[in-house]
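Engineer: below: sequence and its predicted model.
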Amino acid sequence: MRYDLRKRVCAGEVPPAASSKRGTCTLKHIFIINPSAGKNDSRQRIYTMAEALREKHGLDVQCMLTASVGHAATLARGLAESGEEVRLYACGGDGTVNEVANGIAGYANAAMTCIPIGTGNDFLKNFGKDALPLFLDAENLWNGSVTPLDLIDCNGKYCLTIACTGIDARIAESVHDFGASPMLTGRGSYLASVAANFLFRKIGRKWRVTLDDEVVEDEFALVSMCNGRYYGGGSTPVPEARMTDGVLHTILVKNVSKARFARLFPDYSAGNHQKLPRDVVRVSTAKVVRIEALEGDLTTCLDGESMHSPCVTLKLADKKVNFFAPAGCDPDATAR
C-alpha cells in the first residue's frame, strides 16, 4: 500500500516504505526536517524529493519532523542506537546539522548529510561555492561516498566547524533574537546584532586561557577553536583548518579598543591572521584549550548554537561523524 510522504509526519508516525538492500542489510534513508528553519516552509519540497527517491530507486525512505530544540539529536541518536544501517538527511540550517551530528557521532552504522533550508549554512561553505546547489537535491546525495569528519568536544557537546567564545559568540546569539523579526533579513539580523553587541557593550572580558600547559590571564575579545573554516555568515578566521586531519586550530584575539578592533576585523574575517599584530592575535594548535571566566560567564557558540557556562574545555573529540556528500565534493575544498 502506498502512502503520501507529503502529509505531516512525525517520529513514530511514518508508515513503512519500499526497502532497498545493501548487502544483506536494509539501508534506511531518513529525512529529519526542521519545520522552523528558514523564512519559508520547505517541508513540501523535502517530501517531494523523498518520494522521488522511493519511486525512482526503490529506497526505504522516511520523513521525521522535529518539534523542539534538541529533538533532531534525539531522533538521530535513537536511529543510530537501533543498530540498523541508516543515512540521515539533516534538513535545516547549521543548528539542525549540529544536532544530527551530535546524535550519531561514533556510530559506524549511521551516516549523515544535509539539505540546506535554514538561514545559516556556514558548514556547507567548507565544500566550496559550487557545492551548495548540489546539496539542495537529494538525488545528488543518496549514494554519495562517506567521509569521517573530526569533531570538537566542548564540555561534552560536539561541534563540526567552529566553537567560538566571546564577542563573536554574543553576536551570533543575538542574531537568533533579531532573526525572529519579520522585518529583518538574515543580513539585517546580523547587522542589528553587531550594533547591539559592539557599539553599546564592551568587547573584552577577563579570562584565564590554558593552551595545553601554557596559562594566559588577560582580557580577550574572543577565542575560537576551528575544525572547519566558516562561521558568522562567511568569516574565515583560520583558512588552514581541515575537517579531516585530526588537528584543531585555536585563534586568540586580545581585547583592544573598538576602533582598533574594527580596523583589524576585516583581515581576521578574511583569514589573514598572519598580517595581524602578534601581540593581539595568535593561532595555536594546542590539543586541549580551557577558558575560564574571571568575570561574569562565557557565551560559547557551537555551529551557531549558544551555551553559557563559567568554564569551557575544548579538545578533539574521540569520536567522528560519518558524512556523505555529492560526488566530487570535498569538505576541505576551500582550505589553504
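Structural biologist: Noted; the coordinates are in hand. Worth saying up front: this structure is predicted, and the values here are computed from it rather than measured.
Engineer: ok, H308 touching D297?
Structural biologist: Yes. Counting by C-beta atoms under 8 Å, H308 does reach D297; the two are 5.3 Å apart. (Each C-beta comes from the backbone N, C-alpha and C, glycine too.)
Engineer: for the stretch 201-336 of the chain, which segments are assigned as helices?
Structural biologist: Here the stretch 201-336 of the chain has its helices, by DSSP state H, counting those that start in this stretch, at 258-269.
Engineer: all strands of it, in order?
Structural biologist: 205-211, 214-226, 249-254, 281-284, 288-293, 298-302, 305-309, 311-316, 321-324 (DSSP state E, counting those that start in this stretch).
Engineer: need those strands in JSON lines with distance to Y89, can you?
Structural biologist: JSON lines is the format used below for the strands of the stretch 201-336 of the chain (distance: least, C-beta to C-beta, whole Å):
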{"stretch": "strand 205-211", "distance to Y89": "38"}
{"stretch": "strand 214-226", "distance to Y89": "26"}
{"stretch": "strand 249-254", "distance to Y89": "29"}
{"stretch": "strand 281-284", "distance to Y89": "35"}
{"stretch": "strand 288-293", "distance to Y89": "33"}
{"stretch": "strand 298-302", "distance to Y89": "21"}
{"stretch": "strand 305-309", "distance to Y89": "19"}
{"stretch": "strand 311-316", "distance to Y89": "27"}
{"stretch": "strand 321-324", "distance to Y89": "10"}
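Engineer: which of those strands sits closest to F198?
Structural biologist: Comparing these against F198 with C-beta to C-beta, the closest turns out to be strand 214-226 (10.2 Å).
Engineer: so how far is that closest one off the chain centroid?
Structural biologist: Its chain's average C-alpha position is 22 Å from that of strand 214-226, according to C-alpha atoms, centre = their mean, to the nearest Å.
Engineer: now the stretch 1-150 of the chain, which segments are flagged as low pLDDT?
Structural biologist: Within the stretch 1-150 of the chain, the segments meeting pLDDT under 70 span 1-25, 39.
Engineer: cutoff 90 now
Structural biologist: 1-26, 36-42, 118-121 (pLDDT under 90).
Engineer: which parts of it are helices?
Structural biologist: Per DSSP H, counting those that start in this stretch, the stretch 1-150 of the chain carries helices over the ranges 43-57, 71-81, 94-104, 122-125, 132-135.
Engineer: any chance of those in TSV, plus distance to A262 and mean neighbour count?
Structural biologist: Putting the helices of the stretch 1-150 of the chain into TSV (distance: least, C-beta to C-beta, whole Å; neighbours: other C-beta atoms under 10 Å) gives the following:
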stretch	distance to A262	mean neighbour count
helix 43-57	40	17
helix 71-81	37	21
helix 94-104	26	27
helix 122-125	22	23
helix 132-135	30	16
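Engineer: reformat those helices as CSV; add distance to N155.
Structural biologist: Shown next, in CSV, are the helices of the stretch 1-150 of the chain (distance: least, C-beta to C-beta, whole Å):
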stretch, distance to N155
helix 43-57, 32
helix 71-81, 15
helix 94-104, 12
helix 122-125, 21
helix 132-135, 30
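Engineer: out of those, which is closest to M112?
Structural biologist: So among these, helix 94-104 is nearest, using C-beta to C-beta, at 5.2 Å.
Engineer: between strand 305-309 and the closest one, find me the angle.
Structural biologist: Calculated by axes from the mean of the first three to the mean of the last three C-alpha atoms, to 10 degrees, helix 94-104 forms an angle of 70 degrees with strand 305-309.
Engineer: and helix 94-104, what does it pack against?
Structural biologist: Packing partners of helix 94-104 (3 or more C-beta pairs under 8 Å, 6 or more residues apart in numbering; DSSP states H and E): helix 71-81, strand 86-92, strand 110-116, helix 122-125, strand 157-159, strand 305-309, strand 321-324.
Engineer: can you list contacts of the first one?
Structural biologist: Pointing back at helix 71-81 there. Contact partners of helix 71-81, identified using C-beta atoms under 8 Å, 6 or more residues apart in numbering, comprise 11, 28, 30, 32, 34, 64, 66, 86, 88, 90, 92, 96, 99-100, 102-104, 107, 109-110, 112.
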